[in-house]
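Participant: I would like to see how this sequence folds:
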Amino acid sequence: MYFFKKIIARFFYPLPLCLLMLISGTLLLWLSKKKRTAKFFITAGTVLLLIFSYGLPSNILLKPLESKYPPIHKVQSKKVKWIVVLGGKVVPDPNVPVTSQVAETSLHRLLEAIRLHKELPSSKIILTGGSFPPEVPASEVMAHLVQVIGLSRSVLVLETESRDTKDQARFVKEIVKNEKFFLVTSASHMPRSVALFEKLGMSPIPAPTNHLVMKSPNRHFFPPLPSSYNLYKARIAIHEYIGLVWARLRGQA
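Facilitator: Next comes the predicted model:
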């Protein structure tokens with residue numbers, strides 16, 4: 001079921017979806033007599049690609065996700081013991097420095113957790129994320145980077161078995177029990193994460209980071225142009241909406 005979910009979801013991402021329509025239209029155009037159907041697929045694929053390549057549509061999709069929980073600028077309660085970091089993408093390649101092995105998304109989460117830990121020196125940072133053998137677990141790679149940055153291994157607790165957010169919630173519950181904790185993940189990922197954790201009876205304090213929708217001082221000086229970055233933002237948003245629907249259909253959120 002895990003692999004089925006991962007594979008099927010990718011066909012709804014903007015770029016694969018548009019390419020599928022364009023390729024289907026091209027094949028119909030050259031290999032069949034269904035010219036009208038071919039024109040429809042090619043036109044629809046082109047229009048969707050243009051829509052997703054501009055900032056406004058992707059921002060409209062992302063904004064409700066990222067704005068649901070405000071960022072934590074200053075820690076109010078000094079009694080919180082745990083800071084949970086949801087693992088993101090890592091590439092455990094020993095041929096490159098550890099700073100290159102941790103993807104940008106995971107790096108944002110780690111830095112936010114370290115920032116919170118500086119305000120809560122007695123707290124423990126739980127790093128989550130497993131792997132597919134024989135790779136090194138994501139949490140191990142992130143722990144290495146945290147130590148390189150300067151934190152002691154003694155403040156880290158590693159969860160090395162999870163494969164997705166649902167697993168992370170389940171394994172974190174075994175560690176934190178019924179205690180409150182800061183939940184650190186990307187702002188767009190936070191609504192689904194909070195829903196999964198709360199469904200298991202936990203009380204996360206959302207600490208979103210890695211916001212993709214931000215006000216730019218230069219937005220009035222440059223004409224809007226299509227870009228791969230906007231495609232990326234649209235993909236992130238669609239991934240999260242699919243994840244929310246999937247979790248609710250399965251009674252996990």
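
Participant: Please look at K166 and A195 and confirm they touch.
Facilitator: No - if you go by C-beta atoms under 8 Å, K166 and A195 don't touch, sitting 10.5 Å apart. Any C-beta I mention is one placed from the backbone N, CA and C, and that applies to glycine too.

Participant: The two: which is more packed in?
Facilitator: K166 (22 against 17; other C-beta atoms under 10 Å).

Participant: Would you mind measuring from that one to I8?
Facilitator: According to C-beta to C-beta, to the nearest Å, K166 stands 16 Å off from I8.

Participant: same thing with K79?
Facilitator: K79 sits 43 Å away from I8, going by C-beta to C-beta.

Participant: F181: what's it in contact with?
Facilitator: Contact analysis of F181 by C-beta atoms under 8 Å, 6 or more residues apart in numbering lists V80, K81, W82, I83, V84, I126, V172, M202, S203, P204, I205.

Participant: beta partners for it?
Facilitator: On the basis of DSSP bridges, F181 is bridged to W82, P204.

Participant: Common neighbours of K166 and A195, please.
Facilitator: Residues touching both K166 and A195 (C-beta under 8 Å, 6+ apart): A247.

Participant: so what's the closest residue to K199 other than its chain neighbours scoring on pLDDT?
Facilitator: On the basis of C-beta to C-beta, 6 or more residues apart in numbering, the spatially nearest residue to K199 that is not a chain neighbour turns out to be A253, at 5.4 Å. A253 is assigned 74 on the pLDDT scale.

Participant: what about E161, how many neighbours?
Facilitator: By other C-beta under 10 Å, 15 other residues sit near E161.

Participant: The residue nearest to it when sequence neighbours are not counted: what secondary structure?
Facilitator: Nearest residue to E161, sequence neighbours excluded (C-beta to C-beta, 6+ apart): G130, at 4.9 Å. Of the three states, G130 takes coil according to DSSP: H, G, I helix; E, B strand; the rest coil.

Participant: Quickly note the distance from G130 to Q168.
Facilitator: Taking C-beta to C-beta, one finds G130 at 9 Å from Q168.

Participant: So those two - more neighbours on which side?
Facilitator: Neighbours of G130 and Q168, each counted by other C-beta under 10 Å, are more numerous for Q168; the result is 27 against 20.

Participant: Surely that one and G129 touch.
Facilitator: Yes - here Q168 reaches G129: they are 7.4 Å apart, a contact under C-beta under 8 Å.

Participant: check contacts around V96.
Facilitator: By C-beta under 8 Å, 6+ apart, V96 lies in contact with nothing.

Participant: Now it: phi and psi?
Facilitator: phi -120, psi 160 (degrees, to the nearest 10).

Participant: can you list the weak-confidence ranges in the stretch 101-250 of the chain?
Facilitator: The stretch 101-250 of the chain contains residues with pLDDT under 70 at 133-134, 216-223.

Participant: Go ahead and flag the most central residue of the chain.
Facilitator: Nearest residue to the geometric centre of the chain (C-alpha atoms, centre = their mean): H189, 5.1 Å.

Participant: Tell me which helix or strand the closest residue to it other than its chain neighbours sits in.
Facilitator: Among residues not flanking H189 along the chain, E240 sits closest, at 6.2 Å (C-beta to C-beta, 6+ apart). In this structure, E240 sits in helix 228-249 according to DSSP states H and E.

Participant: Skip the chain neighbours and tell me the closest residue to K180.
Facilitator: Distances taken as C-beta to C-beta, 6+ apart place S203 nearest to K180, at 5.0 Å, with adjacent residues excluded.
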